[in-house]
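Engineer: Here is a sequence with its predicted model. Questions after.
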Amino acid sequence: MNKNIAFIGAGSMAEAIISGVVKAEILNKEQIIVTNKNNRERVEQLQQKYDIRSIMDKEKVAHETDIIILATKPYDLQKAVESIKPYIRPNHLLISVIAGVSTDYISNLFGGNTPVVRTMPNTSASIGYSATAISAGKYATNEHLEQAETLFNTIGTTTIVDENDMHTVTGISGSGPAYIYYLVEAMEKAAVEAGLDQEVARTLVTQTVVGAGEMLQHSGESASTLRDKITSPAGTTAAGIEALDQHHFEETIRQCVKSARDRSIELGENE
Ligand SMILES: NC(=O)C1=CN([C@@H]2O[C@H](COP(=O)(O)OP(=O)(O)OC[C@H]3O[C@@H](n4cnc5c(N)ncnc54)[C@H](OP(=O)(O)O)[C@@H]3O)[C@@H](O)[C@H]2O)C=CC1
Ligand SMILES: O=C(O)[C@@H]1CCC=N1
C-alpha cells in the first residue's frame with residue numbers, strides 16, 4: 001500500500017493491528033505511525049517493538065498520513081478528534097475500530113463530509129486471524145471501502161456488513177475471542193480440579209481448541225456435523241453435552257451475545 005497510516009490510540013487493539021500489518025509486510029514500517037493522548041512511554045514501546053514511528057504532535061501525525069485509524073475507547077473519542085481535527089485534509093480517510101459509535105457521529109465530530117469507514121476487528125489481528133466486519137459511512141466512497149478492505153485483509157478476513165448490524169457483530173466477533181478464552185479458563189480449571197497437572201491441562205485444552213478451530217475452517221463440515229462425529233450414543237460426549245443443556249448452555253450464550261450487543265448500543269447512545 002502506498003498510504004501512510006496513523007493510529008490514534010495505542011492500546012491493545014491498535015497493537016494487535018500493528019503487529020498483524022507489520023508481519024504482513026504490506027507497508028514499510030516507517031509508513032506506520034502511532035500516537036496517543038500523553039503516554040509517551042507506551043508509544044515509544046510500540047515504536048521499538050515494531051520498528052514503526054511514534055509522533056505525539058497531532059499536526060505532524062495528520063500531515064504525514066493518508067489514513068487515520070481511530071482506536072481510542074468510545075468515551076475518549078471526542079477529545080481525540082478535537083486534538084487532530086484542525087489538521088485533517090479533505091483527502092484523509094478515517095477508519096474507526098471503536099465499538100458502538102456510528103460513522104455519522106464521527107463525521108459530525110469532524111464537522112463535515114469527512115469519509116469514515118467503521119470496522120470491528122478482533123485481537124487475533126496480531127497473528128493475521130482477525131474476523132473483521134466493515135461498513136462504509138455515507139461520505140465514504142467505494143475506493144475508501146476498498147482501502148479499508150485491503151488493509152484489514154492483511155490481518156485476517158473481512159466481511160462487509162450493514163452498519164446497523166455492527167452492534168451484533170461486536171457482540172459476536174469483536175468480543176468473541178474473550179468468550180473462547182473464558183471457556184478455555186473454565187476447562188483448565190475443571191481439569192485441574194479433577195486432578196490434572198496445570199501444564200498438562202493447558203496443553204490439552206489449547207490443542208483441543210486449536211484443532212476444533214482448524215476443523216471448522218478446513219473440514220468443510222458444519223459445527224453440528226463435527227459435533228455429531230464426536231458424540232457416540234450413550235458415550236462420554238453425550239453425557240457432557242447433556243450437562244451443558246441442563247445448565248442452559250445455549251441460553252447462556254444467547255444472553256452473552258445479547259448483553260454485549262446491548263452494551264455496544266449503549267456506547268453509541270452516548271454520542
Ligand atoms: N480490545 C479489543 O479486543 C477490541 C477493541 N475494539 C475497540 O478498540 C478501541 C480501543 O480499545 P483498546 O485498544 O482495547 O483500548 P485501550 O484502553 O487498550 O487503548 C486506548 C488507547 O486510546 C488512547 N487515548 C485515550 N484518549 C486519547 C486521546 N485523547 N488522544 C489519543 N489517544 C487517546 C489511550 O492512550 P493514553 O494511554 O495516552 O490514554 C490508549 O492508548 C475501543 O473503542 C474498542 O471498542 C474493537 C475491537 C476489539
Ligand atoms: O470490550 C469492548 O468494549 C471491546 C469491543 C469489542 C472487544 N472489546
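Structural biologist: Structure's in. What do you need? Numbering: from 1, shown residues only. Ligands and ions are numbered 1, 2, ... in the order given.
Engineer: Please see if stretch 153-171 touches ligand 1.
Structural biologist: No - using Cβ under 6 Å from any ligand atom, stretch 153-171 never reaches ligand 1; the gap is at least 7.2 Å. The way it works is simple: take the backbone N, C-alpha and C, and place the C-beta from them, glycine included.
Engineer: gap between the two ends of that stretch?
Structural biologist: For stretch 153-171, the first-to-last residue distance is 21 Å (Cα to Cα, to the nearest Å).
Engineer: And for stretch 191-203?
Structural biologist: 11 Å.
Engineer: List the buried residues of it.
Structural biologist: 191, 196, 201-202 (16 or more other Cβ atoms under 10 Å).
Engineer: Not counting sequence-adjacent ones, nearest residue to whichever residue of the chain sits closest to ligand 2?
Structural biologist: Closest residue of the chain to ligand 2, Cβ to the nearest ligand atom: G174 (3.3 Å). Excluding its sequence neighbours, the residue lying closest to G174 (Cβ to Cβ, 6 or more residues apart in numbering) is M120, at 4.6 Å.
Engineer: Give me every residue in this protein lying close to ligand 1.
Structural biologist: Looking at ligand 1, the residues of the chain close enough under Cβ under 6 Å from any ligand atom are 8-14, 36-39, 42, 71-74, 76, 79-80, 83, 97-99, 120-123, 174.
Engineer: Please pick the buried ones from the residues you listed.
Structural biologist: Buried among these (16+ other Cβ under 10 Å): 8-11, 13-14, 36, 42, 71-72, 74, 76, 80, 83, 97-99, 120-123, 174.
Engineer: Filter those residues down to the ones in strands?
Structural biologist: 8, 120 (DSSP state E).
Engineer: Just send the buried residues of stretch 191-203 back as CSV, with pLDDT too.
Structural biologist: Below are the buried residues of stretch 191-203 laid out as CSV (pLDDT from 0 to 100):
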residue, pLDDT
A191, 98
L196, 98
A201, 98
R202, 98
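Engineer: Tell me which of those residues fall in helices.
Structural biologist: Among the buried residues of stretch 191-203, the residues falling in helices (DSSP state H) are 191, 201-202.
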